[in-house]
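Engineer: this one's structure only:
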Ligand code: PGA
């Protein structure tokens, strides 16, 4: 595991965008596993600006996103599909048919998750998976629990996640209670993983992930078992980590 300690959010974003760019340049038809939330927004801004400057070409890139709320349609502003279009897809030359996110409105949860896992396997898995970390240590929407999940599945969101995500909604009651997510196994099968963290409110989770026991009660801790993980975190997020 490589840990890059950077000054702040801006520097984290630039470094993460550089890692993603290196992947795209080295393998133009890369499968990128991407993430939503506040953390990667700056990363996507850099990617868009480097695309506009002619440095990057997304024409062969394929994307599999980590997760999606259940019961929210793609054109709903709260959907992660909408988020990805707004922050990345609409501003680069990626082909819409090469962008994949679980279907939040699929009728049967099992069908949605099996189809998504199958798709990721058919593509050969992510070459690089970008991750944020939840305040409770979740990755994707893999919430703390008594086991690690193997494949894409439907989850009940933890109270702390609903609390953390209510800032994106008008009312807390509007935050969906369920979501589809890649499983821990799906994430761990990515060839490379880049974990981002910024801010003091991630410090406890990041300390647990990097220094605590490897446990499904802090899902990000499992990343220590992966052979190619790069952590890009700012000083505030790393403030509780020794060394
Ligand atoms: P955030 O969410 O980037 O909005 O902090 C990260 C996560 O919950 O994985």
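Structural biologist: Arrived safely. Not measured: the values here are computed from a predicted model. Numbers count the residues shown, from 1 in each chain.

Engineer: drop to CA atoms for contacts and neighbour counts, all remaining ones
Structural biologist: Fine.

Engineer: list the buried ones in the helix-or-strand element of the chain with minimal mean pLDDT?
Structural biologist: Lowest mean confidence among the helices and strands of the chain (mean pLDDT, DSSP states H and E): helix 159-165, at a mean of 90. Within helix 159-165, the residues that qualify as buried by neighbour count (16 or more other C-alpha atoms under 10 Å) are 161-162.

Engineer: hmm, that helix in reach of the ligand?
Structural biologist: No - in this structure, helix 159-165 remains apart from the ligand according to C-alpha under 6 Å from any ligand atom; the gap is never smaller than 7.0 Å.

Engineer: Now do the helices in this protein.
Structural biologist: Taking DSSP state H, the helices of the chain run over residues 9-26, 41-52, 80-87, 109-123, 159-165, 184-188, 203-211.

Engineer: Next, the angle from the third one to helix 41-52.
Structural biologist: Helix 80-87 and helix 41-52 meet at an angle of 50 degrees, taking axes from the mean of the first three to the mean of the last three C-alpha atoms, to 10 degrees as the criterion.

Engineer: Check which helices and strands helix 80-87 sits against.
Structural biologist: Packed against helix 80-87, as judged by 3 or more C-alpha pairs under 8 Å, 6 or more residues apart in numbering; DSSP states H and E, are the following elements: helix 41-52, strand 67-69.

Engineer: And for the residue lying closest to residue 123 once chain neighbours are set aside, the neighbour number?
Structural biologist: When the adjacent residues along the chain are set aside, residue 123 lies closest to residue 31, with 7.5 Å between them (C-alpha to C-alpha, 6 or more residues apart in numbering). By other C-alpha atoms under 10 Å, the residues close to residue 31 number 26.

Engineer: Residue 86 now?
Structural biologist: Neighbour count of residue 86, defined by other C-alpha under 10 Å: 12.

Engineer: Any figure for the gap between it and residue 78?
Structural biologist: Plainly put, residue 86 is 11 Å away from residue 78 if you go by C-alpha to C-alpha, to the nearest Å.
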